[in-house]
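Colleague: dropping the sequence and predicted coords here.
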Amino acid sequence: MMLRLFSAAPCALLLGSLLAAPAIAEDLADTEVSSLPAAGSLTEEALDTPTLSVISIADNVHVALGHGRTTMAMIEGPEGLVIIDTLSSEEAANRVLTAFRNISDRPVAAVILTHLHRDHSGGLPAVAAHNVPVYSRAASVTSDGDDSSNTFPHESTADSEDSAPQAQIPSRQPIRGRHPVTVAGLELELVAAHGDDDQQLWLWYPHKGVLFSGDAFYTSFPAIHALQEPVKEARDWLATLDAMLEQSPHFLVSSHGYPIIGQEQSLTALKQYRDTIALLLDEALDGIEQGMGPEDLVAAIKLPPELAGQPFLNERYARLAWAIRAIYADQRGWFDGNPSSLATLPPAELSARIAELAGGPDVLLENGLLALDNGDYGWAAQLADHLLNLAPDHAAARHMKADALVGLAEQTTTLPERDFYLKAARQLRQSTGE
């Protein structure tokens, strides 16, 4: 079996052990592309590709990357094409369909949505034209441009100009449990699951040993808690990963990041992902039973080196600390165990007393500006908060906080965190007339 790469970029990387036969790379414009590198050479920086690539991991399974960080996949069947996920916009989906047409001119026979986040379903109208059946967990699919439910909110605008509401498209059959389907002459299994939300499904293609994981496995630390989202049930996520491990896939296709090639490599990645969630849950629950508060847990719980060094466990979309705090909140609610938390002062009163201790609001501002100069952006933002609690229209404090948030955005590698910083900074600057 050979692995092919169709790309507008000069190279692409794959995680895992490549097949024994040399990889063949072909460019869409017949330009030579370098061979794929050896096992283990995928770096954290290489998890993204800036231009469209189509990786052929089997003779009839192809994965498109290069539009934000979401993949769109195609399985060629004897009677047509099955598309898995549709990116964030019709424009992006159409670009990938054009690339897929360099491989096959068969009609699209079905679309499978692993879940309904905008970055996976926004291009559906472009792909599911002419009454093409759609399989998902939902009875109907509406791509409404609402970014609030995305685990990866930065994705929603990365490649999309068309954010207008889309028509509702009926699903062929809402998936419940494990659901075998025959479509386009292919025998597939759709499995309802839990991942970074409770409306996931994953796809198993047994004939080629390909597992499409949706967002139950992706190239980031698992988002047990995404910002402004409900806490995910970690035990359900573990059960999903256990079910995937039982398939012993030879290819693991994530909705975010490059495919993993090889049975041993796919199983290792799934097991390490599962072990990370299990370890985090066990240690957090043990610490809670010992009376530890959320910040004590954050300081104490670390991943072992064999897990922390994995590129698919980087904190690109979620953080270990967020997951720990979320597990604590899920188990114990808002109370952190500190009696002082039962009698906190209102924010304005607390800030007034802090200012009085410091020597007045001008001293807070002076120290905040000094913190900005020293690159201590978190402290500068907190001092700005005290000033804004005292005077919400304090223009200098708004400027200081905006500058601090931009600094924090430049420091973080966690993309949703960066998105929140930059959006808030933009709002603060707009409010001061910038």
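Modeller: Sure thing, it's come through.
Colleague: what residues are up against the residue nearest to Tyr273 when sequence neighbours are not counted?
Modeller: Distances taken as C-beta to C-beta, 6 or more residues apart in numbering put Phe217 closest to Tyr273, at 5.4 Å, once the chain neighbours are dropped. In this view, the C-beta of every residue, glycine as well, is placed from N, C-alpha and C. Phe217 makes contact with 195, 241, 244, 252, 254, 269-270, 273, 312, according to C-beta atoms under 8 Å, 6 or more residues apart in numbering.
Colleague: out of these, which sit inside helices?
Modeller: Taking DSSP state H, the ones among the contacts of Phe217 that sit in helices are 241, 244, 269-270, 273.
Colleague: okay, now the domains of the protein?
Modeller: Following automatic domain parsing, one gets these domains for the chain: 4-275, 345-431.
Colleague: quick one, helices of this protein?
Modeller: Ranges of helices in the chain, per DSSP H, are 90-100, 118-121, 124-127, 234-246, 263-289, 294-300, 305-308, 320-332, 347-358, 361-373, 377-390, 395-411, 415-431.
Colleague: TSV please, covering these and showing distance to His67 and mean pLDDT.
Modeller: Formatted as TSV, the helices of the chain follow (distance: least, C-beta to C-beta, whole Å; pLDDT from 0 to 100):
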stretch	distance to His67	mean pLDDT
helix 90-100	4	91
helix 118-121	9	84
helix 124-127	13	88
helix 234-246	25	92
helix 263-289	23	94
helix 294-300	34	96
helix 305-308	29	89
helix 320-332	26	91
helix 347-358	42	97
helix 361-373	36	97
helix 377-390	31	97
helix 395-411	23	96
helix 415-431	15	93
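Colleague: so which of those helices is nearest Gly185?
Modeller: Gly185 lies closest to helix 90-100 among the helices of the chain, at 17.5 Å (C-beta to C-beta).
Colleague: let's see the pLDDT reported for the nearest residue to Leu211 once chain neighbours are set aside.
Modeller: Excluding the flanking residues, the one nearest Leu211 by C-beta to C-beta, 6+ apart is Pro249, at 3.8 Å. pLDDT, Pro249: 97.
Colleague: likewise Phe312?
Modeller: Phe312 carries a pLDDT value of 83.
Colleague: same question, Leu211
Modeller: Per-residue pLDDT puts Leu211 at 97.
Colleague: burial count for it?
Modeller: Applying other C-beta atoms under 10 Å, we find 29 residues neighbouring Leu211.
Colleague: show me the contacts for it.
Modeller: 202-205, 244, 247, 249, 251-253, 266.
Colleague: who are the neighbours in contact with the closest residue to Leu369 other than its chain neighbours?
Modeller: Closest residue in space to Leu369, ignoring its immediate chain neighbours: Met400 at 6.4 Å, by C-beta to C-beta, 6+ apart. The contact partners of Met400, by C-beta under 8 Å, 6+ apart, come to 365, 368-369, 372, 380, 383-384, 387.
Colleague: Trp322 contacts His225, doesn't it?
Modeller: Yes. The pair Trp322 / His225 is scored as a contact, 4.8 Å apart, by C-beta atoms under 8 Å.
Colleague: one step back: what's the most distant pair in the contacts of Met400?
Modeller: Taking C-beta to C-beta, no two of these sit farther apart than Leu372 and Leu387, at 13.2 Å.
Colleague: quick one: closest of the domains of the chain to Pro339.
Modeller: With C-beta to C-beta as the measure, domain 345-431 is the member of these nearest Pro339 (14.5 Å).
Colleague: gap between the two ends of the closest one?
Modeller: End-to-end span of domain 345-431 (C-alpha to C-alpha, to the nearest Å): 28 Å.
Colleague: same thing with stretch 385-397?
Modeller: End-to-end distance of stretch 385-397: 8 Å, with C-alpha to C-alpha as the criterion.
Colleague: before we move on, back to that, show me what contacts the residue nearest to Leu211?
Modeller: 204, 209-211, 263, 266-267, 270.
Colleague: so where's the stretch 101-250 of the chain shaky on pLDDT?
Modeller: 130, 139-175, 195-198, 226, 228-232 (pLDDT under 70).
Colleague: mind redoing it with 80?
Modeller: 116, 129-131, 137-177, 194-199, 225-233 (pLDDT under 80).
Colleague: for His250, which residues are in contact?
Modeller: By C-beta under 8 Å, 6+ apart, the contact list for His250 reads 208-210, 261-263, 266.
Colleague: how much space between it and Tyr205?
Modeller: To Tyr205, His250 is 10 Å away according to C-beta to C-beta, to the nearest Å.
Colleague: surely Tyr317 meets Leu415?
Modeller: Yes. At 6.1 Å, Tyr317 and Leu415 qualify as touching, with contact defined as C-beta under 8 Å.
Colleague: tell me which of these two has more neighbours.
Modeller: Using other C-beta under 10 Å, the more surrounded residue of Tyr317 and Leu415 is Tyr317, with 25 against 20.
Colleague: which one is that one nearest to, not counting chain neighbours?
Modeller: Ser220 (3.9 Å).
Colleague: and the one you found, how many neighbours does it have?
Modeller: By the measure other C-beta under 10 Å, the count of residues near Ser220 is 27.
Colleague: could you tell me the phi and psi values at it?
Modeller: Ser220 has phi and psi values of phi -160, psi 160 when expressed as degrees, to the nearest 10.
Colleague: for it, give me its contacts.
Modeller: 256, 312-318.
Colleague: where's it relative to Glu315, distance?
Modeller: Distance, Ser220 to Glu315, using C-beta to C-beta: 7 Å.
Colleague: tell me how far Leu87 lies from Pro206.
Modeller: The gap separating Leu87 from Pro206 is 26 Å, by C-beta to C-beta.
Colleague: looking only at neighbour counts, state which of those two leads.
Modeller: When neighbours are counted by other C-beta under 10 Å, Leu87 and Pro206 differ, and Leu87 comes out ahead with 30 against 13.
Colleague: wait, that one touches Asp119, no?
Modeller: Yes. Judged on C-beta under 8 Å, Leu87 makes contact with Asp119 at a distance of 6.9 Å.
Colleague: quick check: closest non-adjacent residue to Ser431.
Modeller: Arg398 (6.2 Å).
Colleague: return the distance of the one you found relative to Leu422.
Modeller: 15 Å.
Colleague: of the two, who's got more company?
Modeller: Taking other C-beta under 10 Å, Arg398 and Leu422 do not tie; Arg398 has more neighbours (23 against 17).
Colleague: alright, that wraps it up for me.
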